[in-house]
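>>> kindly return the folded structure for what I paste below:
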Amino acid sequence: MPMDFHDPRNQSSYTTRVADASWLELIAKQVELKGKRAADIGCGGGIYTKALLALGAEHVIGVDYSAEMLQGAKQNVGETQEVEWIQGAADRTTLPSEHVDVVLERALIHHLTDLQGCFREGHRILKAGGMLIVQDRTPEDSVLPGSDTHIRGYIFEKFPGLMETEKSRRHHSETVTEALRESGFCDIRELKWWEPRKVHPDPEALFEDVRRRTGRSILHELSDGELDELIAYMQSKLQGSGPIAEKDPWTIWFAKR
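Modelled structure (predicted):
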């Protein structure tokens, strides 16, 4: 069954890693955050709320529709006056109009069907000249084969039926770009990028990560028995491997208000 983001048992699912230094470098080249006010919409466990602070944002607002996710984010980020937390939806954040300089929507839009509602809200809360950053996978990103770096691909090799579930919740690049344009954004740029996710010291550390379904909502579609089958399949693929530097494919859109 789909992941329940309101279940207290999943509170820490998106708090157990940090944004890779290469992500910070990439965003810093595209967007000036020093001294700016930013909003992290769909902030989950606050991993990228922290990253926005590390990039020099003066103040970050973490927004999520799940109270449990926000509680986990608060514990992850810690007490600081530089961050505030708001429970709200992607299309109804409750933030004032023209309130922030940068909006980040990372790994958010695949949970949504109304892209324009989400992007119109982002446009509303951004100041003139502000930047929206959208990071997600397209269906094309989702069908890449598994390897000792692209672990996610093994999920769909073992359970091909899940591929249709995955593809159905991913938006095509053209769909995202058109929704951004119709929502009032301009100077829309897109890039493809492999983001380092985590370095696992050995395969067993990876398997334990998978067993806990950490930060992988698609794994909640599998029963415990199926999860064991997936791990056995990964074991056959990664036998004899040393440290595993896991990466994920993403598409990132930058759009100006």
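
>>> next, give phi and psi for the residue most central in space within the chain.
For the chain, the residue whose C-alpha lies nearest the mean C-alpha position (CA atoms, centre = their mean) is residue 107; its distance is 2.7 Å. Torsion angles at residue 107 (phi, psi; degrees, to the nearest 10) stand at phi 50, psi 40.

>>> surely it is in contact with residue 43?
No: the pair residue 107 / residue 43 is not scored as a contact, 10.3 Å apart, by CB atoms under 8 Å. All C-beta spots, glycine's among them, are computed from the backbone N, C-alpha and C.

>>> if we can go back for a sec, ok, for the residue nearest to the centre of the chain, nearest residue in space, not its chain neighbours?
Once its chain neighbours are removed from consideration, residue 107 has its nearest residue in residue 136; the separation is 6.2 Å (CB to CB, 6 or more residues apart in numbering).

>>> and what of residue 119?
Going by CB to CB, 6+ apart, residue 119 has residue 183 as its nearest residue, at 3.7 Å.

>>> can you get me a residue count around the one you found?
By the other CB atoms under 10 Å criterion, the neighbourhood of residue 183 contains 20 residues.

>>> was I right to think it contacts residue 124?
No: between residue 183 and residue 124 no contact is recorded; they are 9.3 Å apart, counting by CB under 8 Å.

>>> need the contact partners of the least confident helix or strand in the chain by mean pLDDT.
Least confident helix or strand of the chain, by mean pLDDT, DSSP states H and E, is helix 161-168 with a mean of 89. Contacting residues not belonging to helix 161-168 are listed as 139, 142-143, 155-156, 218, 221-222 [CB atoms under 8 Å, 6 or more residues apart in numbering].

>>> what about 10 Å?
Contacts of helix 161-168 from elsewhere in the structure, counted by CB atoms under 10 Å, 6 or more residues apart in numbering, are 2, 110, 137-143, 152, 155-157, 159, 218-219, 221-222, 226, 230.

>>> much appreciated, bye for now.
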